[in-house]
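Novice: I'd like to go over a predicted model; first the sequence, then the structure.
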Amino acid sequence: MKFATDRPFADPEVALQKLLEIANAAPAVQDGRIHIELVNAPFLAAGGTPDEYRAALKAAIDRKWLTIHRSGVYVMFTQTGAELFA
């Protein structure tokens, strides 16, 4: 008998790819900034949990694919991150 459901983003690499896909599709505003709610809301709606979202965002920042504004309101692709979608 199976009591736990499979989490679509339990694998951090899958969660990271989904986060980057969502961020790439989000419309950028001034200076290439992407409002954080345009990334986190779709991620959660796709079945991710807040912990999976935070882990994916941290991985993207650690790999220098995204930067987050010090206010926490915006994310931006770095040059390396933007090259992933070129």
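Specialist: Great, that's in hand. These numbers come from a predicted model, not from an experiment.
Novice: When you work out contacts or count neighbours from here on, use the C-alpha atoms and nothing else.
Specialist: OK.
Novice: How is the most centrally placed residue in the chain assigned, secondary-structure-wise?
Specialist: Computing the C-alpha centroid of the chain and ranking residues by C-alpha atoms, centre = their mean puts residue 19 first, at 2.8 Å. Three-state call for residue 19 (DSSP: H, G, I helix; E, B strand; the rest coil): helix.
Novice: Can you check the pLDDT for it?
Specialist: Looking at residue 19, its pLDDT reads 96.
Novice: Skipping its backbone neighbours, what lies nearest residue 48 in space?
Specialist: Nearest-residue entry for residue 48: residue 9, 5.9 Å, with adjacent residues in sequence omitted and distances by C-alpha to C-alpha, 6 or more residues apart in numbering.
Novice: quick one, what contacts the one you found?
Specialist: Residue 9 makes contacts with 15, 47-48, 52, as judged by C-alpha atoms under 8 Å, 6 or more residues apart in numbering.
Novice: low-scoring pLDDT stretches of this structure, where are they?
Specialist: The chain contains residues with pLDDT under 70 at 1-5.
Novice: what about the helices in it?
Specialist: Taking DSSP state H, the helices of the chain run over residues 12-25, 37-45, 50-62, 79-83.
Novice: Looking at those, spot the one closest to residue 73.
Specialist: helix 37-45 (7.9 Å; C-alpha to C-alpha).
Novice: List the buried residues in that closest one.
Specialist: Using 16 or more other C-alpha atoms under 10 Å as the test for burial, helix 37-45 gives 38-40, 42-43.
Novice: closest to residue 82 among those?
Specialist: The nearest one, if we look at the buried residues of helix 37-45 relative to residue 82 and count by C-alpha to C-alpha, is residue 39, at 15.6 Å.
Novice: correct me, but that closest one touches residue 22?
Specialist: Yes - counting by C-alpha atoms under 8 Å, residue 22 is a contact partner of residue 39 at 5.9 Å.
Novice: anything in contact with each of those two?
Specialist: Counting by C-alpha under 8 Å, 6+ apart, nothing touches both residue 39 and residue 22.
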